[in-house]
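Q: build me a model:
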Amino acid sequence: MQASHLGVVPVMARYGRRLRVLRELQRLAQEMAASQPLWENSPTAVNNRRLLAKWRTQARRVAQSKLCADAGLLDPLLLSRCFGLYNLAAAVFVAVLQS
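A: Model prediction:
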């Protein structure tokens, strides 16, 4: 029970963090691209272009990582076995509390 819990729960937490990072990177890149006419001719244009390219590259990598995690974590068999295990554990705990 503990091995399953220690394996699935941290992976799901990491998946949630990955989703937040992906949304943040996409938001940063969109805001920077939307404000491009404002900084296009400024001295910081080179740095801003570099940041924009960096954020887009990072977002692509995180999106690829998310797709791999989707394939593994959202597997119906894995999810049904995890829920079955937690259901069994809950039934055991309830039986212990009732006795």
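Q: name the helices or strands packed onto the helix or strand containing Val96?
A: For Val96, the element it lies in under DSSP states H and E is helix 76-98. Counting contacts by 3 or more C-beta pairs under 8 Å, 6 or more residues apart in numbering; DSSP states H and E, helix 76-98 packs against helix 2-34. (C-beta placed from N, C-alpha, C; glycine too.)
Q: how about 10 Å then?
A: Helix 76-98 is packed against helix 2-34, helix 45-73, with contacts defined by 3 or more C-beta pairs under 10 Å, 6 or more residues apart in numbering; DSSP states H and E.
Q: how about the first one: buried residues?
A: Within helix 2-34, the residues that count as buried by 16 or more other C-beta atoms under 10 Å are Val8, Tyr15, Leu22, Leu25, Gln26, Leu28, Ala29, Met32.
Q: from the chain's centre, how far out does the helix or strand of the chain with the lowest mean pLDDT sit?
A: The least trusted helix or strand in the chain, going by mean pLDDT, DSSP states H and E, turns out to be helix 2-34, with a mean of 88. Averaged C-alpha coordinates place helix 2-34 at 2 Å from its chain's average position (C-alpha atoms, centre = their mean, to the nearest Å).
Q: now the angle from it to helix 45-73?
A: Angle of helix 2-34 versus helix 45-73, following axes from the mean of the first three to the mean of the last three C-alpha atoms, to 10 degrees, is 150 degrees.
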